[in-house]
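K.L.:
A predicted structure for the sequence below; I have some questions about it.
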Amino acid sequence: QGTLYGRNSTAGAINIITKKPTQIKEASASFGFSNYSGAQADAMLNLPVNETLAVRGVISRASRDGYVDSAHAPTNTFTKDRSDQDNVSARLHALFSFAPGQSLLLSADYSHDGGVGAGTVLSSVAAANPYGSAGRSVDVPGTNKEGSQKSDSTGISAEYKQGLSFADLTVIGAHRTQKTDLIYSNGIGANTYSYHPNFTQDSLEARLSSNGSGPLQWVGGAYYFKEKTSPVTLGVYNGTPALTALFQQDPMLTESQALFGQATYAIKPELRMTGGMRYTQDTKSRQGCTYSGAGLSVLPTSLTSNVITDALDTNSLPPCPAAANINSVPATSWTQMTYRAGVDYDLDRDTMLYASYATGFKSGGFNDGNIALAVNTNAVLYKPETLTALELGFKGRYLNRRLQVNGSLFSYDYSDLQVSAATTCATGIGTCNVTQNAAKAKSYGLELEGRYLITSADRINFGLGLTNATYTSFVTTAATPADWAGKALDKAPQRTLNLGYSHQFTLASGAAVTAFIGERFSSEYEFSNPANNTRLKQDSFNKTDIHVTYSSPDDKWSVQAYVRNLEDRNIATTPNFGNGQNAVYLAEPRMIGVRANFKF
């Protein structure tokens with residue numbers, strides 16, 4: 001949890017590892033089309049330049065109309081539907097292999113997210129229409145602006161590896177920037193927001209890892225991270241044509257430093273013990289203010305007369321004046337030691353048993369607003385979240401390794417669990433998202449997953465999750481506080497089940513046709529807003545995916561037809577509380593499409 005992956009990984013971590021350049025010249029391309037006027041194209045080229053240098057580049061383009069119907073609602077004048085897609089991304093790797101055990105990987109990436117932006121629907125509409133397009137319609141008041149988003153992210157990194165006599169050295173440095181201009185009117189009131197967060201991140205990690213074959217294997221290192229964020233939010237409330245609030249936080253600074261180490265020792269070849277520790281220090285600060293009422297009179301006329309635009313020049317904002325509510329926070333630091341202890345035991349050549357005990361740490365932070373005007377003393381500054389995790393499990397292959405099954409029992413104990421809620425801003429204008437610390441929570445359960453190769457042409461994959469995740473101690477901060485001890489945590493279904501079956505037909509030509517059907521079931525789960533004691537429910541649901549793929553005899557090209565969410569189920573994924581109404585974001589509806597892949 002918190003030994004190698006570090007802070008903010010209390011729920012684990014998802015690693016996305018891109019393929020690196022090789023000395024094999026190859027290329028691929030794919031094209032796809034779907035309903036909602038969807039189109040996607042991807043291309044890859046891997047090119048060995050010489051024995052030392054190889055490069056690999058990829059580019060992707062995806063577009064789709066929105067599936068939340070706002071363009072055709074009765075009272076607005078919009079031209080596009082919400083939750084559309086208009087994305088471009090690219091990545092380039094250059095790998096220098098100077099000598100055995102010595103390499104330098106240079107990487108650069110770029111992505112652009114455009115379109116109208118995500119859309120919400122009233123939770124009551126979604127609940128009354130669990131299937132079909134009727135549950136994905138929102139009538140945004142005509143006084144609002146039509147949404148738009150422009151988000152550009154760039155990153156560069158360098159990874160140097162050097163084999164030493166006693167260990168392998170790895171040094172990774174990275175720099176990332178993102179600039180976003182977002183106009184958003186959420187359909188739950190005559191309000192429009194213009195949001196402009198810009199950030200830069202720099203990180204550096206150096207680590208040594210053992211390179212021998214002895215019973216002791218280890219890794220240790222240091223990590224440094226620095227982020228500067230400059231978010232600016234402008235709001236027009238109740239349909240007023242001029243600016244009624246401006247939230248300026250420039251800059252917000254985060255600095256994190258860590259030392260970490262982990263070692264595994266094989267007492268016997270089949271029995272291994274693991275221990276690790278990580279020391280983390282986070283420091284955060286913020287300069288900012290909120291303009292409202294009299295504070296707006298000090299702003300340039302160009303801002304107050306036509307503020308809802310994605311072309312806002314945030315550099316034109318003046319320093320926070322006395323008329324504004326200052327919500328600066330001086331540098332605040334948190335330190336935490338996290339650790340992990342584990343044991344692995346090979347019961348036989350096909351079965352491993354394991355147990356682990358680990359701790360995690362999620363950094364504290366700041367909410368919008370002035371501490372002097374806050375609705376409670378914790379409304380601006382919230383504490384870190386800590387976690388203790390226990391897991392017992394097994395991984396095994398059976399029936400001549402045709403059946404693979406992994407299972408685990410887990411127990412997570414949270415202290416100062418960070419819970420976000422929408423409540424009235426400390427200025428008394430609009431709605432702010434406020435994070436607070438619930439006292440305690442616990443999640444425990446069972447996970448089981450596996451694959452079974454019935455024949456060389458037939459296979460089944462399956463997964464089962466049984467979870468009980470509740471607050472053990474939590475009193476809400478609503479005007480009339482409620483005791484939520486025993487209430488379920490957000491988005492925590494008690495039962496989930498995945499089941500899939502595929503069959504491959506081999507044709508006389510040597511080509512293959514693979515048919516797959518997969519089913520996912522989830523029991524009901526809830527969304528909550530402790531600021532006003534609201535709890536919304538997503539009913540239990542099942543969702544079916546089907547695809548059929550034709551692969552050429554030489555495996556150089558394939559064509560796939562698919563349908564995802566066959567039932568056209570409306571599934572709430574995230575809440576949006578505000579302005580006295582409750583809304584939700586929805587997962588994709590039924591998607592039908594075809595995709596072709598080519599290898600060169």
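P.N.:
Okay, I see it.
K.L.:
rest of the way, CA atoms for contacts and neighbours
P.N.:
OK.
K.L.:
bridged to Y160, which residues?
P.N.:
Under DSSP bridges, the beta-bridge partners of Y160 are L104, V171.
K.L.:
how close does it get to F96?
P.N.:
Counting by Cα to Cα, to the nearest Å, the gap from Y160 to F96 is 9 Å.
K.L.:
what residues do the two have in common as contacts?
P.N.:
S103, L104, L105 (Cα atoms under 8 Å, 6 or more residues apart in numbering).
K.L.:
from the residues you listed, which single one is nearest N76?
P.N.:
Proximity of the shared contacts of Y160 and F96 to N76 (Cα to Cα) peaks at L105, which lies at 51.1 Å.
K.L.:
burial measure for that closest one, as a count.
P.N.:
For L105, the neighbour count with other Cα atoms under 10 Å is 20.
K.L.:
contacts only, for it.
P.N.:
With contacts defined as Cα under 8 Å, 6+ apart, L105 is in contact with H93, A94, L95, F96, A158, E159, Y160.
K.L.:
how long is stretch 507-516 end to end?
P.N.:
In terms of Cα to Cα, the two terminal residues of stretch 507-516 are separated by 17 Å.
K.L.:
quick one: buried residues of it?
P.N.:
Counting neighbours by 16 or more other Cα atoms under 10 Å, one finds that the buried residues in stretch 507-516 are A512, V513, T514, A515, F516.
K.L.:
repeat for stretch 520-531
P.N.:
Counting neighbours by 16+ other Cα under 10 Å, one finds that the buried residues in stretch 520-531 are R520, F521, S522, E524, Y525, E526, F527, S528, N529, P530, A531.
K.L.:
narrow these to those in strands?
P.N.:
Of the positions in the buried residues of stretch 520-531, R520, F521, S522, Y525, E526, F527, S528, N529 sit in strands, assigned by DSSP state E.
K.L.:
same list (these) but as a markdown table, adding pLDDT.
P.N.:
As requested, these are arranged in a markdown table below (pLDDT from 0 to 100):
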| residue | pLDDT |
| --- | --- |
| R520 | 97 |
| F521 | 98 |
| S522 | 98 |
| Y525 | 97 |
| E526 | 95 |
| F527 | 93 |
| S528 | 91 |
| N529 | 87 |
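K.L.:
could you dump those residues to JSON lines with distance to N542?
P.N.:
Supplementary listing: those in JSON lines, determined by distance: Cα to Cα, whole Å:
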{"residue": "R520", "distance to N542": "5"}
{"residue": "F521", "distance to N542": "4"}
{"residue": "S522", "distance to N542": "6"}
{"residue": "Y525", "distance to N542": "13"}
{"residue": "E526", "distance to N542": "16"}
{"residue": "F527", "distance to N542": "19"}
{"residue": "S528", "distance to N542": "23"}
{"residue": "N529", "distance to N542": "26"}
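K.L.:
which residue is the nearest non-sequential neighbour of A73?
P.N.:
Of all residues beyond its chain neighbours, the one nearest A73 is D139 (5.0 Å), with distances taken as Cα to Cα, 6 or more residues apart in numbering.
K.L.:
these two touch, right, that neighbour and P74?
P.N.:
Yes - with contact taken as Cα atoms under 8 Å, D139 and P74 are classed as touching, separated by 6.6 Å.
K.L.:
who has more neighbours out of those two?
P.N.:
Neighbours of D139 and P74, each counted by other Cα under 10 Å, are more numerous for D139; the result is 19 against 12.
K.L.:
what residues are bridge-paired with the nearest residue to S30 once chain neighbours are set aside?
P.N.:
With sequence-adjacent residues excluded and distances taken as Cα to Cα, 6+ apart, S30 is closest to N597, at 4.3 Å. In this structure, N597 has beta-bridge partners S30, S558, where bridges are defined by DSSP bridges.
K.L.:
can you report how many residues lie near N597?
P.N.:
Residue neighbour count, defined by other Cα under 10 Å, stands at 19 for N597.
K.L.:
go on, R397?
P.N.:
Going by other Cα under 10 Å, the residues that sit close to R397 add up to 18.
K.L.:
separation between it and N468?
P.N.:
According to Cα to Cα, R397 and N468 sit 28 Å apart.
K.L.:
distance to D490, secondary structure and neighbour count added to the contacts of L105, as JSON lines?
P.N.:
Written out in JSON lines, the entries for the contacts of L105 read as follows (distance: Cα to Cα, whole Å; DSSP: H, G, I helix; E, B strand; the rest coil; neighbours: other Cα atoms under 10 Å):
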{"residue": "H93", "distance to D490": "39", "secondary structure": "strand", "neighbour count": "23"}
{"residue": "A94", "distance to D490": "43", "secondary structure": "strand", "neighbour count": "23"}
{"residue": "L95", "distance to D490": "43", "secondary structure": "strand", "neighbour count": "22"}
{"residue": "F96", "distance to D490": "47", "secondary structure": "strand", "neighbour count": "19"}
{"residue": "A158", "distance to D490": "38", "secondary structure": "strand", "neighbour count": "18"}
{"residue": "E159", "distance to D490": "38", "secondary structure": "strand", "neighbour count": "18"}
{"residue": "Y160", "distance to D490": "41", "secondary structure": "strand", "neighbour count": "17"}
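K.L.:
could you look up the SS state of the closest residue to E146 other than its chain neighbours?
P.N.:
Leaving out its chain neighbours, the residue that sits closest to E146 by Cα to Cα, 6+ apart is F78, at 5.9 Å. The three-state assignment at F78 reads coil, by DSSP: H, G, I helix; E, B strand; the rest coil.
K.L.:
distance of F78 from D139?
P.N.:
10 Å.
K.L.:
low pLDDT regions in this structure?
P.N.:
Applying pLDDT under 70 to the chain flags the ranges 1-2, 141-144, 186-190, 237-244, 292-318, 321-324, 369-379, 422-432, 578-580.
K.L.:
show me where it has its helices.
P.N.:
Counting by DSSP state H, the chain has these helices, from start to end: 123-128, 301-305.
K.L.:
what's near enough to touch L47?
P.N.:
If you count contacts by Cα under 8 Å, 6+ apart, L47 has them with P21, T22, Q23, I24, K25, E26, A54, V55, R56.
K.L.:
could I get these as CSV with neighbour count and distance to F166?
P.N.:
Listed next are the contacts of L47 as CSV, based on neighbours: other Cα atoms under 10 Å; distance: Cα to Cα, whole Å:
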residue, neighbour count, distance to F166
P21, 22, 27
T22, 16, 27
Q23, 15, 28
I24, 10, 32
K25, 15, 35
E26, 14, 36
A54, 22, 28
V55, 22, 30
R56, 22, 32
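K.L.:
buried residues in stretch 207-220?
P.N.:
The neighbour-count criterion (16+ other Cα under 10 Å) identifies R207, L208, S209, S210, N211, Q217, W218, V219, G220 as the buried residues of stretch 207-220.
K.L.:
buried sites along stretch 346-359?
P.N.:
When burial is assessed from 16+ other Cα under 10 Å, stretch 346-359 yields the following buried residues: D346, T351, M352, L353, Y354, A355, S356, Y357, A358, T359.
K.L.:
could you identify the most distant pair in those?
P.N.:
Using Cα to Cα, the buried residues of stretch 346-359 span at most 26.5 Å, a distance reached by T351 and T359.
K.L.:
how near is E519 to G463?
P.N.:
Plainly put, E519 is 10 Å away from G463 if you go by Cα to Cα.
K.L.:
overlap of the contact sets of the two?
P.N.:
When Cα under 8 Å, 6+ apart defines a contact, the residues bordering E519 and G463 alike are L497, N498, L499.
K.L.:
look through this structure and tell me its longest strand.
P.N.:
strand 245-268.
K.L.:
ok now that one, how far from the chain's centre?
P.N.:
Its chain's C-alpha centre and that of strand 245-268 lie 17 Å apart, by Cα atoms, centre = their mean, to the nearest Å.
K.L.:
list the pairing partners of that strand within its sheet, with orientation.
P.N.:
Per DSSP bridges, strand 245-268 is paired in its sheet with strand 216-229 (antiparallel), strand 232-236 (antiparallel), strand 271-292 (antiparallel).
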